[in-house]
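> Generate coordinates for the sequence data below:
(one chain, ligands or ions: 1)
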Amino acid sequence: MITHLRLKAYGKINLGLDVTGLREDGYHEVRMVMQTVGLHDRIELYRCQKPGIRLETNLYYLPVNEQNLAYKAAKLLMDEFSIQEGLAIHLRKFIPVAAGMAGGSADAASVLFGVNRMFGLGLTVKELMERGVKLGADIPYCLMRGTALAEGIGEKLTALPPMPQCQVLIAKPGISVSTKTVYKALDETELRPQDHPDIDGLVDAISAGSLPQIAGRLGNVLELVTASRYPVIYQLRDAMREYGAVGAMMSGSGPTVFGIFTNPRGAQAAYEYLRYGAGSSMARQVYLTNLYNRGSGARHQD
Ligand code: ATP
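A predicted model of the protein is given here:
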């Protein structure tokens, strides 16, 4: 019997993000190229005799009830399978919150994986994805991980060849951006054809395994909206480029900015500048990480 599981919930960046339509139910149709990065939250699950779900986290401002996606994910499976035992979830967050890195979705995906395993529910990853999408459009991708094209509302996934390894600098400015507000502002913006990223070109570059081509085709239609309100996003992007990033861009609805580096020294210098140096006023959280390309399955576990 499994009584304790250690899980790693990895964050993502968007190499490409285009919005292609608005559905009647209010969801946006998207075409996104997703990439998992090494930056992750740590989750521990403990099986307990006392029924119910108890969640603890290191961030005082996060909900610890059904508002938390990790809680929701556990409850979804425990209700469906009438699990009478209890579950304690210890969540240590490192992925910036409300930042465009799908941190909450990653936690939910790992908890779905963990609860399935701990209680021997026998669900396949596909079956976990079908349940996960009810809680959030990015959860199926967070179960799959790696490099992928996400279409529909983000749940229609096509695996792509792994992006060539590189260093990824992540910087989140000290502002909070609501995904809802960004999409609403996008709906009110007149977009020109050239504002849409070349997602097909980006997919071709990934298939060709060419990092310079990938870097040249990064594009996020939401960057226009968020960065026009928060110039610090462009300032971070430009700073990363000055330090030698082959590409830099906002992830998701922001405000996190990531830079792709092929030169580890440049990446380290940029990290130090934003973390400790004159650039530190631009970013509240700064991480230097790399790509995570090992896919789904057992690797949700430590
Ligand atoms: P996306 O990239 O999918 O837009 P995000 O990075 O913008 O995701 P999250 O970090 O997932 O956003 O969190 C958004 C909101 O969800 C937060 O304001 C937070 O209060 C709530 N939330 C619920 N559960 C979690 C969780 N486990 N981790 C982080 N935030 C959570």
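
> Can you list the buried residues in stretch 42-57?
42-45, 47, 53, 55, 57 (16 or more other Cβ atoms under 10 Å). Every residue, glycine included, has its C-beta placed from N, CA and C.

> what's the answer for stretch 59-69, then?
62, 64, 68-69.

> Give me the distance from it to the chain's centre.
In terms of Cα atoms, centre = their mean, to the nearest Å, the centre of stretch 59-69 is set 18 Å apart from its chain centre.

> Please apply the same query to stretch 264-273.
23 Å.

> Look up phi and psi at the residue nearest to Phe81 when sequence neighbours are not counted.
Counting by Cβ to Cβ, 6 or more residues apart in numbering, Phe81 lies nearest to Leu121, which is 5.6 Å off, once chain neighbours are set aside. The phi/psi pair for Leu121 (degrees, to the nearest 10) reads phi -80, psi -20.

> Tell me which residue in the stretch 51-200 of the chain sits closest to the ligand.
In the stretch 51-200 of the chain, the residue that lies nearest the ligand is Gly104 (2.7 Å; Cβ to the nearest ligand atom).

> Nearest spatial neighbour of that residue, chain-adjacent residues omitted?
Leu69 (4.1 Å).

> Surely that neighbour is in contact with Asp138?
No. Look at Leu69 against Asp138 with Cβ atoms under 8 Å: they stay out of range, at 10.1 Å.

> ok, back up a step: for the residue of the stretch 51-200 of the chain closest to the ligand, pull up the helix or strand it's in.
Assigned by DSSP states H and E, Gly104 falls within helix 103-118.

> Check which residues of that helix are buried.
For helix 103-118, a neighbour-count test (16+ other Cβ under 10 Å) marks 103-118 as buried.

> From these, pick the one nearest Tyr27.
Among the buried residues of helix 103-118, Ser105 lies closest to Tyr27 (Cβ to Cβ), at 15.0 Å.

> which bits of the stretch 101-250 of the chain sit near the ligand?
Residues of the stretch 101-250 of the chain lying near the ligand by Cβ under 6 Å from any ligand atom: 101-105, 107, 138, 179.

> Put together CSV for these, with distance to Asp195 on each row.
Compiled in CSV, these are given as follows (distance: Cβ to Cβ, whole Å):
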residue, distance to Asp195
Met101, 23
Ala102, 23
Gly103, 27
Gly104, 28
Ser105, 26
Asp107, 32
Asp138, 23
Thr179, 19
